[in-house]
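> Pasting the sequence and the predicted model now:
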Amino acid sequence: MKEVKDSFKQKVYSILEDACDCNEIKSNPNIRLFDEGLLDSFSTISLIVAFEQELGISVPISDFNRDEWATPAMIITQLAKLQ
Amino acid sequence: MIDILDQIENQAVKTPRRICYTHRQELLTFGLLKKCSDALACWLINRFGDDHSPVIVHGHMQPMMLVLFLACAKSGHAYIPADQSIPSERIRMITEGAKTKLIFSAAPKQLPETNATEVIAFGQLDQIIIQNEGVPARSYEVKNEDTFYIIYTSGSTGRPKGVQISRRALTSFTEWMQHDFGLEEGLTFMNQAPYSFDLSVMDLYPSLTTGGTLWAVDKQMIANPKELFTLLAQSEINIWTSTPSFAEMCLMEPSFSRTMLPHVQKFLFCGETLPLSVASRLKQRFPEAEIINTYGPTETTVAVTKVSITQKMINCKSPFPVGRCKPDCRIYILGEDGVPKKDGQKGEIVICGPSVGSGYLNDPEKTRASFDTLNEMLAYHTHDLGIMCEGMLYYFGRIDHQIKLHGFRMELEEIEHALSSCRYVKYAIVTPIKRGDRYDHLAAVVVAGKHPFDSDYAFSAVLRKALSSVLPSYMIPRKFIYRRSLPMTANGKIDRGAPLKEVSR
């Protein structure tokens, strides 16, 4: 597996903290964002837009499912794959 | 005037094998819809006779829900659609408020424990249908001035309120859709909204009365876009009905275009402001489809104005109008003094005519506050601000603290009430936060008492959990901010404006 750079991780954390409007993402990388009510179908939209604009990674919404993109750590892994 | 029940019956006689409803693998034909709803109506008549108390239909997108809606109408009962996503505590409040004696449920285990109300599981219905075959006497039907359905909506005092829609109002709405929206016979309508949200009525009755097929989107599909788009591509939808938020989510998928949905003729939008960006992207992806914007509160039966969005309107980049009033109704813009405003002046939107519903169930006080008569017509005072320009209505937001978030209507005070009832919370106010020019999510500003949690994060998780037992998930704030105190206004009320400035900076 490709090693994920720390700067990349930090960027994803800050996008997530923005999308969830919650500043405790970094300290809880295994929190289940949808189950905890921090993300829903509608905030997914702004999240995907942010990945595109800030990371240059475009995630087709049809690839986004809540099982594989459940936690900040899993999201980082998924994004790193698409990088 | 059309007779909606007659029109649905006629479809069953003319084309009994035509599919009227499809949800994933489950199908329902017009023939079966009639046969089963007739049998269940006979059972209801036998059971309740002239007791016409409302009946709750609890489920999520099952074809049996439609059967039960019609069975209620044929036996003289108003139905209350309750989606499975509604927390059981809220269903208990609805059951008590509506004094219902019967709940039909797809998921009885999710219901509150109660002795006053009988629960019949959808699984028991086959047996009842077999044992009660027959045709109910039409004298039992819901009459024109009787309530056809009741939709529960957020109430500012912490209890949801039941909006009663009469058969007359529903007929007027359906007739308008049939005549003025260019709907042919036998089209496929998409239904995105749970039945507890009256956007679903925009496709339900127009589809059934014109021999159409309803194609249901469920919660799981929305949570799993991959599945949603795979199924949509097979759907052959002609009429798309959704909130603008749902269309916006779909637009995130590059393949969402006429290649995926080659048969779409019209997009119908209701429930919230239609953003320019959504309309302009839809026009690019579906150049041949018509985009129709509509407006109306639940209290006046789904929608009362419509306008077809043209490329010219998109190009001029100013907010869209919400449309012209349906022919049998009138819209007045009134000032605070109750005097009608001139064309182009802002005031409260007041809707008059047969679309106006019958007020709130068992709540004469709230009914009196918003319903009366004007120029000898029934009138509903919307608390919405608007401007009328040469017959075209423009919407400018609310007078009170009710908001629409992604199409869901809610009273901020109801959320505050629920939050203040949580342990460890002294006071709370809830504020909608905008992204661009639209509401994106809710933030709560909380003054906490002594509590055992070692971080704000842990406290927020507990509050979220507590709220989710009384409120639907779309009413739960995403962000919680903790303060020692809340600013007060000069007359001792909490100042909502001050924290708003702080959190939305």
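Alright, I've got the coordinates. Note that the structure is predicted; figures quoted are calculated from it, not measured.
> for the stretch 1-150 of chain B, what spans make up the strands?
For the stretch 1-150 of chain B, the strands defined by DSSP state E, counting those that start in this stretch occupy B:19-23, B:26-29, B:55-59, B:79-83, B:102-105, B:118-121, B:147-153.
> how about residue 39, what does it touch?
Picking chain A for this. A:L39 sits next to A:19-20, A:33, A:47 when contact means CB atoms under 8 Å, 6 or more residues apart in numbering or on different chains. Backbone N, C-alpha and C define where each C-beta goes, glycine included.
> meant chain B actually
B:71, B:128-130, B:132-134.
> Out of those, which sit inside helices?
Among the contacts of B:A39, the members falling in helices (DSSP state H) are B:71, B:128-130.
> from those residues, which single one is nearest chain A?
Distance to chain A across the ones in helices among the contacts of B:A39 (CB to the nearest CB) is lowest for B:A71, with 32.4 Å.
> Need the strands of the stretch 1-150 of chain B in TSV (columns: mean neighbour count and distance to chain A).
Shown next, in TSV, are the strands of the stretch 1-150 of chain B (neighbours: other CB atoms under 10 Å in any protein chain shown; distance: least, CB to the nearest CB, whole Å):
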stretch	mean neighbour count	distance to chain A
strand B:19-23	21	19
strand B:26-29	16	23
strand B:55-59	25	21
strand B:79-83	25	15
strand B:102-105	22	25
strand B:118-121	15	28
strand B:147-153	25	20
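> Rebuild those strands as CSV, extending it with mean pLDDT and distance to A:K26.
Supplementary listing: these in CSV, determined by pLDDT from 0 to 100; distance: least, CB to CB, whole Å:
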stretch, mean pLDDT, distance to A:K26
strand B:19-23, 98, 41
strand B:26-29, 97, 44
strand B:55-59, 98, 41
strand B:79-83, 97, 36
strand B:102-105, 97, 43
strand B:118-121, 96, 46
strand B:147-153, 97, 39
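> which two in the contacts of B:A39 are spaced the farthest apart?
Distances among those were taken as CB to CB; the most separated pair is B:A71 and B:I130, at 14.6 Å.
> okay, those two: which has more neighbours?
Counted by other CB atoms under 10 Å in any protein chain shown, B:A71 and B:I130 do not tie: B:A71 has more neighbours, with 30 against 9.
> Counting neighbours, what do you get for the closest residue to the more buried one other than its chain neighbours?
Spatially, and ignoring its direct neighbours in sequence, B:A71 is nearest to B:L40 (3.6 Å; CB to CB, 6 or more residues apart in numbering or on different chains). Neighbourhood size, B:L40 [other CB under 10 Å]: 25.
> How about the one 3 residues further on?
Counted with other CB under 10 Å, the neighbours of B:W43 add up to 20.
> Same question for B:A458.
Count around B:A458 with other CB under 10 Å applied: 13.
> what about it, helix or strand, and which?
Using DSSP states H and E, B:A458 falls within helix B:456-468.
> residues in contact with A:E24?
With CB under 8 Å, 6+ apart, A:E24 has these contacts: B:455-457.
> Show me what the helix holding B:A458 packs onto, helices and strands only.
Using 3 or more CB pairs under 8 Å, 6 or more residues apart in numbering or on different chains; DSSP states H and E, the elements in contact with helix B:456-468 are helix B:412-420, strand B:438-448, strand B:479-483.
> Which of the ones you listed sits closest to chain A?
strand B:479-483 (4.3 Å).
> is that closest one anywhere near chain A?
Yes. Strand B:479-483 reaches chain A (CB under 8 Å from any CB of the partner chain) through B:K479.
> What are the contacting residues of that strand?
Strand B:479-483 has contacts (CB under 8 Å, 6+ apart) with A:21-22, B:433, B:441-448, B:456, B:459-460, B:463, B:499, B:503.
> which parts of the stretch 351-500 of chain B sit against chain A?
Counting by CB under 8 Å from any CB, the residues of the stretch 351-500 of chain B near chain A are B:406, B:433, B:435, B:440-441, B:443, B:455-457, B:461, B:464, B:468, B:473-474, B:476, B:478-479.
> Whether the lengthiest helix in chain A contacts chain B - can you check?
Scanning chain A for the longest helix, with DSSP H as the assignment, gives helix A:6-20. Yes. If you take CB under 8 Å from any CB as the test, helix A:6-20 does meet chain B, through A:C20.
> Mean confidence (pLDDT) on that helix, please.
Across helix A:6-20, the average pLDDT comes to 88.
> before we move on, which element is the residue nearest the centre of chain A in?
Centroid-nearest residue in chain A, with CA atoms, centre = their mean: A:I75, separated by 4.3 Å. Element membership of A:I75 [criterion: DSSP H and E] is helix A:72-82.
> hmm, that helix in reach of chain B?
No. Helix A:72-82 does not reach chain B (CB under 8 Å from any CB); its nearest approach is 13.4 Å.
> can you tell which of the helices and strands packed on helix B:456-468 is closest to B:M221?
So among the helices and strands packed on helix B:456-468, strand B:438-448 is nearest, using CB to CB, at 22.2 Å.
> Can you list the strands that that closest one pairs with?
As defined by DSSP bridges, the strand partners of strand B:438-448 come to strand B:425-435 (antiparallel), strand B:479-483 (parallel).
> Low-confidence stretches in chain A?
Applying pLDDT under 70 to chain A flags the ranges A:1-2.
> one step back: only the buried subset of the contacts of strand B:479-483, as a ChimeraX command please.
Here is the ChimeraX selection string for the buried members of those, based on 16 or more other CB atoms under 10 Å in any protein chain shown:
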select /A:21,22 /B:433,441,442,443,444,445,446,447,448,456,459,460,463,499
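> Save the strands of the stretch 1-150 of chain B as JSON lines, and put in distance to B:K426 too.
Shown next, in JSON lines, are the strands of the stretch 1-150 of chain B (distance: least, CB to CB, whole Å):
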{"stretch": "strand B:19-23", "distance to B:K426": "46"}
{"stretch": "strand B:26-29", "distance to B:K426": "49"}
{"stretch": "strand B:55-59", "distance to B:K426": "35"}
{"stretch": "strand B:79-83", "distance to B:K426": "33"}
{"stretch": "strand B:102-105", "distance to B:K426": "37"}
{"stretch": "strand B:118-121", "distance to B:K426": "38"}
{"stretch": "strand B:147-153", "distance to B:K426": "28"}
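> right, and the ones you listed - which one's nearest B:S139?
With CB to CB as the yardstick, what comes closest out of these is strand B:147-153 (16.7 Å).
> so the closest one versus helix B:412-420, what angle?
Here the directions of strand B:147-153 and helix B:412-420 differ by 60 degrees (axes from the mean of the first three to the mean of the last three CA atoms, to 10 degrees).
> Next SSE downstream of strand B:147-153?
Scanning onward from strand B:147-153 (DSSP H and E), the first element met is strand B:161-166.
> now the helix or strand following that following strand: mean pLDDT?
Next helix or strand after strand B:161-166 toward the C-terminus (DSSP H and E): helix B:167-180. For helix B:167-180, the mean pLDDT works out to 98.
> Who are the contact partners of the closest residue to chain A within the stretch 51-200 of chain B?
Of the stretch 51-200 of chain B, the residue with the smallest distance to chain A, taken as CB to the nearest CB, is B:Q192 at 11.3 Å. Applying CB under 8 Å, 6+ apart to B:Q192 gives the contacts B:199, B:217, B:222, B:241-243, B:246.
> What is the nearest of those residues to B:S207?
B:T241 (9.3 Å).
> my guess is the closest one is in a helix, correct?
No. Counting by DSSP: H, G, I helix; E, B strand; the rest coil, one finds B:T241 to be strand, located in no helix.
> Who is it paired with across the strands?
Counting by DSSP bridges, the residues bridging with B:T241 are B:L268.
> How many neighbouring residues does it have?
28.
> one step back: of the contacts of A:L39, closest to chain B?
Distances from chain B to the contacts of A:L39, taken by CB to the nearest CB, are shortest for A:C20, at 6.8 Å.
> Quick one: neighbours of the closest one, just the number.
Applying other CB under 10 Å, I find that A:C20 has 22 neighbouring residues.
> right, and it touches A:F34 too?
No. A:C20 lies out of contact with A:F34 (CB atoms under 8 Å); the separation is 10.4 Å.
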